[in-house]
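# kindly generate the corresponding structure for this input.
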Amino acid sequence: MKKITLISCFALIAASATAFLNREVDIKIDRETTVDSLGACQGISNQNGRVFLYGDREVGMIREYRMQGDSLRYLEKEYKLTEKGQDVISHPTGIAYNGSDRVFIGNSVKLNPEGTRWKTTIYYVNWKGLLKTGTLDGNLLKTIDDDACIQGTRPEYVKYNNRWYVATADYGDHGNEVRLYDPEKLANCSKTSEPGVLFKKFTCTPWVQNLHWLPKEKMLVLIQNQVEGRRWRFTYVDFEASIKAGQMRVIKQIDLNQRADELEGFAFINKTKGIAVTSSRKNNVNYLNVQW
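Okay, here's the model as predicted:
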(Lines give C-alpha, C1' and ligand atoms only; values in the text may rest on other atoms or scores of the structure.)
Protein backbone atom coordinates (compact mmCIF):
# COMPACT_ATOMS: atom_id res chain seq x y z
CA MET A 1 0.00 0.00 0.00
CA LYS A 2 2.86 2.36 0.87
CA LYS A 3 4.56 1.53 -2.43
CA ILE A 4 1.43 2.39 -4.40
CA THR A 5 1.00 5.61 -2.45
CA LEU A 6 4.62 6.60 -3.05
CA ILE A 7 4.34 5.90 -6.78
CA SER A 8 1.11 7.89 -6.92
CA CYS A 9 2.80 10.82 -5.19
CA PHE A 10 5.67 10.80 -7.66
CA ALA A 11 3.18 10.68 -10.52
CA LEU A 12 1.29 13.67 -9.14
CA ILE A 13 4.52 15.64 -8.69
CA ALA A 14 5.59 14.83 -12.25
CA ALA A 15 2.19 15.78 -13.64
CA SER A 16 2.19 19.03 -11.69
CA ALA A 17 5.68 19.92 -12.92
CA THR A 18 4.68 19.16 -16.52
CA ALA A 19 1.58 21.33 -16.20
CA PHE A 20 3.66 24.17 -14.82
CA LEU A 21 6.26 23.94 -17.56
CA ASN A 22 3.53 24.04 -20.21
CA ARG A 23 2.04 27.27 -18.90
CA GLU A 24 2.27 30.42 -20.92
CA VAL A 25 4.37 33.16 -19.37
CA ASP A 26 3.68 36.77 -20.28
CA ILE A 27 5.52 39.89 -19.14
CA LYS A 28 4.27 43.46 -19.47
CA ILE A 29 5.71 46.76 -18.33
CA ASP A 30 3.25 48.42 -15.95
CA ARG A 31 5.25 51.55 -15.24
CA GLU A 32 8.58 53.15 -16.12
CA THR A 33 10.36 55.29 -13.54
CA THR A 34 13.71 57.00 -13.07
CA VAL A 35 15.87 56.48 -9.97
CA ASP A 36 18.87 58.76 -9.63
CA SER A 37 22.32 58.48 -8.01
CA LEU A 38 22.99 54.93 -9.23
CA GLY A 39 25.28 55.76 -12.12
CA ALA A 40 24.50 53.06 -14.68
CA CYS A 41 22.34 50.62 -12.69
CA GLN A 42 23.74 47.09 -13.00
CA GLY A 43 21.25 44.99 -11.07
CA ILE A 44 18.74 44.42 -8.31
CA SER A 45 18.72 42.10 -5.30
CA ASN A 46 15.51 41.44 -3.36
CA GLN A 47 16.44 40.07 0.06
CA ASN A 48 13.17 39.24 1.80
CA GLY A 49 11.71 42.69 1.23
CA ARG A 50 14.98 44.60 1.49
CA VAL A 51 15.62 45.75 -2.07
CA PHE A 52 19.11 46.71 -3.16
CA LEU A 53 19.96 48.44 -6.43
CA TYR A 54 23.61 48.51 -7.43
CA GLY A 55 25.49 50.54 -9.99
CA ASP A 56 28.77 52.05 -11.12
CA ARG A 57 28.57 55.70 -10.20
CA GLU A 58 31.94 57.39 -9.44
CA VAL A 59 32.63 54.15 -7.53
CA GLY A 60 30.76 50.87 -7.36
CA MET A 61 27.89 51.30 -4.93
CA ILE A 62 24.65 49.84 -3.55
CA ARG A 63 21.54 51.69 -2.38
CA GLU A 64 18.79 50.23 -0.22
CA TYR A 65 15.04 50.57 -0.86
CA ARG A 66 11.77 49.19 0.40
CA MET A 67 8.47 48.71 -1.37
CA GLN A 68 5.96 51.30 -0.24
CA GLY A 69 2.66 50.64 -1.92
CA ASP A 70 3.56 49.85 -5.50
CA SER A 71 6.83 51.81 -5.59
CA LEU A 72 10.37 51.68 -4.23
CA ARG A 73 11.20 54.13 -1.45
CA TYR A 74 14.84 55.02 -0.86
CA LEU A 75 15.84 54.39 2.76
CA GLU A 76 18.71 56.91 2.75
CA LYS A 77 21.21 54.06 3.01
CA GLU A 78 24.13 53.86 0.61
CA TYR A 79 27.03 51.40 0.62
CA LYS A 80 30.25 52.12 -1.28
CA LEU A 81 32.20 49.18 -2.66
CA THR A 82 35.50 50.77 -1.69
CA GLU A 83 38.42 49.92 0.57
CA LYS A 84 40.52 52.69 2.13
CA GLY A 85 38.69 55.09 -0.15
CA GLN A 86 39.74 53.23 -3.29
CA ASP A 87 37.20 51.81 -5.74
CA VAL A 88 37.31 48.00 -5.53
CA ILE A 89 34.12 46.59 -7.09
CA SER A 90 33.84 49.23 -9.79
CA HIS A 91 31.30 47.44 -11.98
CA PRO A 92 29.17 45.17 -9.75
CA THR A 93 27.47 42.45 -11.79
CA GLY A 94 25.65 40.24 -9.31
CA ILE A 95 25.05 39.66 -5.61
CA ALA A 96 24.79 36.02 -4.51
CA TYR A 97 22.66 36.05 -1.35
CA ASN A 98 20.37 33.34 0.04
CA GLY A 99 19.95 34.52 3.63
CA SER A 100 22.01 31.81 5.29
CA ASP A 101 25.30 31.34 3.45
CA ARG A 102 28.29 33.38 2.36
CA VAL A 103 27.66 36.45 0.20
CA PHE A 104 29.55 36.96 -3.06
CA ILE A 105 29.61 40.02 -5.33
CA GLY A 106 30.77 39.86 -8.93
CA ASN A 107 32.80 42.42 -10.85
CA SER A 108 33.17 42.30 -14.65
CA VAL A 109 35.28 44.78 -16.59
CA LYS A 110 35.83 44.53 -20.34
CA LEU A 111 39.47 45.27 -21.14
CA ASN A 112 39.14 45.74 -24.90
CA PRO A 113 36.36 46.84 -27.29
CA GLU A 114 36.17 43.40 -28.90
CA GLY A 115 35.25 41.75 -25.59
CA THR A 116 37.97 39.13 -25.90
CA ARG A 117 39.74 40.20 -22.70
CA TRP A 118 37.97 40.58 -19.36
CA LYS A 119 38.93 41.22 -15.76
CA THR A 120 36.44 39.11 -13.84
CA THR A 121 36.53 38.85 -10.07
CA ILE A 122 34.26 37.43 -7.40
CA TYR A 123 34.48 38.98 -3.95
CA TYR A 124 33.53 37.11 -0.78
CA VAL A 125 32.25 39.82 1.57
CA ASN A 126 30.98 40.21 5.10
CA TRP A 127 27.53 41.38 4.01
CA LYS A 128 26.28 42.32 7.47
CA GLY A 129 29.47 44.27 8.07
CA LEU A 130 29.14 46.09 4.74
CA LEU A 131 25.58 47.12 5.58
CA LYS A 132 26.70 48.29 9.02
CA THR A 133 29.79 50.32 8.09
CA GLY A 134 28.91 51.33 4.53
CA THR A 135 32.21 50.29 2.92
CA LEU A 136 34.31 47.18 2.28
CA ASP A 137 36.86 48.23 4.92
CA GLY A 138 37.26 45.18 7.15
CA ASN A 139 34.50 43.42 5.22
CA LEU A 140 36.37 42.13 2.17
CA LEU A 141 37.10 38.53 3.09
CA LYS A 142 38.44 37.07 -0.15
CA THR A 143 39.25 38.19 -3.69
CA ILE A 144 38.78 35.40 -6.25
CA ASP A 145 39.90 35.49 -9.86
CA ASP A 146 37.03 33.99 -11.88
CA ASP A 147 39.37 32.58 -14.49
CA ALA A 148 37.00 29.67 -15.25
CA CYS A 149 34.69 32.18 -16.89
CA ILE A 150 34.67 33.08 -20.57
CA GLN A 151 33.29 36.64 -20.71
CA GLY A 152 32.13 37.99 -17.36
CA THR A 153 30.77 36.90 -14.00
CA ARG A 154 27.37 37.45 -12.36
CA PRO A 155 26.93 35.34 -9.19
CA GLU A 156 23.52 34.12 -7.98
CA TYR A 157 22.62 31.35 -5.53
CA VAL A 158 20.79 28.34 -6.98
CA LYS A 159 19.80 24.99 -5.51
CA TYR A 160 20.55 21.59 -7.02
CA ASN A 161 19.90 18.24 -5.30
CA ASN A 162 19.09 20.13 -2.09
CA ARG A 163 22.45 21.89 -2.03
CA TRP A 164 23.20 25.54 -2.64
CA TYR A 165 25.64 26.53 -5.36
CA VAL A 166 26.78 29.87 -6.73
CA ALA A 167 25.79 30.10 -10.39
CA THR A 168 27.30 32.57 -12.83
CA ALA A 169 27.16 33.17 -16.58
CA ASP A 170 28.96 34.81 -19.47
CA TYR A 171 27.96 37.91 -21.39
CA GLY A 172 29.71 37.67 -24.78
CA ASP A 173 28.70 36.20 -28.10
CA HIS A 174 30.64 32.91 -28.09
CA GLY A 175 31.13 29.91 -25.83
CA ASN A 176 28.62 31.06 -23.25
CA GLU A 177 28.02 28.95 -20.17
CA VAL A 178 26.15 28.87 -16.90
CA ARG A 179 28.55 27.51 -14.28
CA LEU A 180 27.90 26.25 -10.75
CA TYR A 181 30.57 26.79 -8.09
CA ASP A 182 30.78 25.08 -4.72
CA PRO A 183 30.35 28.02 -2.28
CA GLU A 184 32.65 26.62 0.41
CA LYS A 185 35.46 25.96 -2.03
CA LEU A 186 34.79 29.27 -3.76
CA ALA A 187 35.25 31.12 -0.48
CA ASN A 188 38.61 29.46 0.07
CA CYS A 189 40.16 29.57 -3.40
CA SER A 190 42.23 32.17 -5.22
CA LYS A 191 40.84 31.35 -8.66
CA THR A 192 37.81 29.43 -9.87
CA SER A 193 39.87 27.10 -12.07
CA GLU A 194 41.24 25.41 -8.93
CA PRO A 195 40.20 21.73 -8.54
CA GLY A 196 36.73 21.17 -7.10
CA VAL A 197 35.46 24.75 -7.33
CA LEU A 198 33.51 24.20 -10.55
CA PHE A 199 30.72 21.67 -9.91
CA LYS A 200 28.60 21.63 -13.09
CA LYS A 201 28.01 23.74 -16.17
CA PHE A 202 25.80 23.99 -19.24
CA THR A 203 25.93 26.05 -22.41
CA CYS A 204 23.58 28.99 -22.92
CA THR A 205 22.78 31.74 -25.41
CA PRO A 206 24.68 35.07 -25.52
CA TRP A 207 24.31 38.39 -23.75
CA VAL A 208 23.40 37.23 -20.22
CA GLN A 209 23.46 40.29 -17.97
CA ASN A 210 22.23 38.65 -14.78
CA LEU A 211 20.63 35.53 -13.29
CA HIS A 212 17.49 35.20 -11.17
CA TRP A 213 16.64 31.98 -9.31
CA LEU A 214 13.04 30.79 -8.76
CA PRO A 215 13.34 28.22 -5.93
CA LYS A 216 9.79 26.83 -5.89
CA GLU A 217 9.75 26.27 -9.63
CA LYS A 218 13.40 25.15 -9.82
CA MET A 219 13.83 27.50 -12.73
CA LEU A 220 16.59 29.89 -13.60
CA VAL A 221 15.77 33.11 -15.42
CA LEU A 222 18.48 34.43 -17.71
CA ILE A 223 18.26 38.22 -17.86
CA GLN A 224 19.57 38.95 -21.33
CA ASN A 225 19.96 41.39 -24.17
CA GLN A 226 18.78 40.34 -27.62
CA VAL A 227 21.91 41.87 -29.17
CA GLU A 228 24.98 43.31 -27.50
CA GLY A 229 23.89 46.00 -25.05
CA ARG A 230 20.40 46.38 -26.48
CA ARG A 231 16.82 45.16 -26.10
CA TRP A 232 15.23 43.03 -23.41
CA ARG A 233 15.07 39.26 -23.20
CA PHE A 234 13.90 36.96 -20.37
CA THR A 235 14.73 33.28 -20.80
CA TYR A 236 13.12 30.79 -18.40
CA VAL A 237 15.28 27.67 -18.15
CA ASP A 238 14.49 24.21 -16.79
CA PHE A 239 17.47 24.15 -14.46
CA GLU A 240 17.80 20.45 -13.65
CA ALA A 241 17.16 19.36 -17.24
CA SER A 242 19.80 21.85 -18.43
CA ILE A 243 22.40 20.47 -16.04
CA LYS A 244 21.69 16.90 -17.09
CA ALA A 245 21.83 17.78 -20.80
CA GLY A 246 24.86 20.05 -20.53
CA GLN A 247 23.00 22.73 -22.49
CA MET A 248 20.13 25.00 -21.54
CA ARG A 249 16.59 23.66 -21.90
CA VAL A 250 14.31 26.63 -22.54
CA ILE A 251 10.81 26.70 -21.11
CA LYS A 252 9.93 30.15 -22.40
CA GLN A 253 11.80 33.03 -24.00
CA ILE A 254 10.18 36.46 -23.86
CA ASP A 255 11.42 39.45 -25.83
CA LEU A 256 10.13 42.91 -24.93
CA ASN A 257 10.76 44.82 -28.12
CA GLN A 258 9.18 48.10 -27.00
CA ARG A 259 12.37 48.83 -25.07
CA ALA A 260 15.65 49.19 -26.96
CA ASP A 261 17.92 50.04 -24.01
CA GLU A 262 20.21 47.73 -22.04
CA LEU A 263 18.39 45.45 -19.62
CA GLU A 264 20.74 44.74 -16.69
CA GLY A 265 18.81 42.96 -13.95
CA PHE A 266 15.47 41.67 -12.71
CA ALA A 267 13.95 40.39 -9.47
CA PHE A 268 10.48 39.26 -8.48
CA ILE A 269 8.87 41.25 -5.68
CA ASN A 270 6.01 38.78 -5.35
CA LYS A 271 4.47 36.04 -7.48
CA THR A 272 3.30 38.32 -10.30
CA LYS A 273 5.22 41.57 -9.78
CA GLY A 274 8.83 42.19 -10.63
CA ILE A 275 11.29 45.03 -11.14
CA ALA A 276 13.62 45.28 -14.13
CA VAL A 277 16.54 47.69 -14.12
CA THR A 278 18.55 49.15 -16.98
CA SER A 279 21.74 51.15 -17.39
CA SER A 280 19.83 54.10 -18.88
CA ARG A 281 19.75 57.52 -17.24
CA LYS A 282 15.96 57.66 -17.65
CA ASN A 283 13.38 54.95 -17.01
CA ASN A 284 16.03 52.78 -15.38
CA VAL A 285 13.62 51.15 -12.88
CA ASN A 286 10.61 49.42 -14.38
CA TYR A 287 7.69 47.70 -12.68
CA LEU A 288 6.57 44.55 -14.49
CA ASN A 289 3.46 42.38 -14.39
CA VAL A 290 4.18 38.68 -14.93
CA GLN A 291 1.31 36.34 -15.77
CA TRP A 292 1.82 32.60 -15.37
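# of all residues in this protein, which one is nearest the centre?
In the chain, the residue lying closest to the centroid (Cα atoms, centre = their mean) is Leu211, at 3.1 Å.
# what helix or strand is that residue located in?
Element membership for Leu211 (DSSP states H and E) is strand 208-214.
# picking that back up, could you give the bridge partners of the closest residue to the residue nearest to the centre of the chain other than its chain neighbours?
Distances taken as Cβ to Cβ, 6 or more residues apart in numbering put Glu156 closest to Leu211, at 3.9 Å, once the chain neighbours are dropped. Every residue, glycine included, has its C-beta placed from N, CA and C. Following DSSP bridges, Glu156 is listed with bridge partners Ala167.
# likewise Asn286?
Applying DSSP bridges, one finds that Asn286 bridges with Glu32, Ala276.
# picking that back up, name the residues that touch the strand holding Leu211?
Residues outside strand 208-214 that contact it (Cβ atoms under 8 Å, 6 or more residues apart in numbering) are 43, 93-94, 154, 156-159, 167-171, 176, 178, 219-225, 262-268.
# same thing with stretch 48-68?
35, 37-46, 72-75, 77-82, 87-92, 95, 99, 107, 131, 267, 269, 275, 277, 285.
# ok, 7 Å please
35, 37-45, 72-75, 77-82, 87, 89-92, 95, 99, 269, 277 (Cβ atoms under 7 Å, 6 or more residues apart in numbering).
# residues of that stretch that come out buried?
For stretch 48-68, a neighbour-count test (16 or more other Cβ atoms under 10 Å) marks 51-57, 59-65, 67 as buried.
# in strands only, show me these.
Of the positions in the buried residues of stretch 48-68, 51-56, 60-65, 67 sit in strands, assigned by DSSP state E.
# number of nearby residues for the residue lying closest to Gln258 once chain neighbours are set aside?
In space, and not counting its chain neighbours, Gln258 is closest to Ile29: 7.2 Å by Cβ to Cβ, 6+ apart. By other Cβ atoms under 10 Å, 15 other residues sit near Ile29.
# I'd say Ile29 and Leu288 touch.
Yes - counting by Cβ atoms under 7 Å, Ile29 touches Leu288, with 5.9 Å between them.
# mind listing the helices for the chain?
With DSSP state H, the ranges of helices along the chain come out as 2-21, 127-133, 183-187, 239-245.
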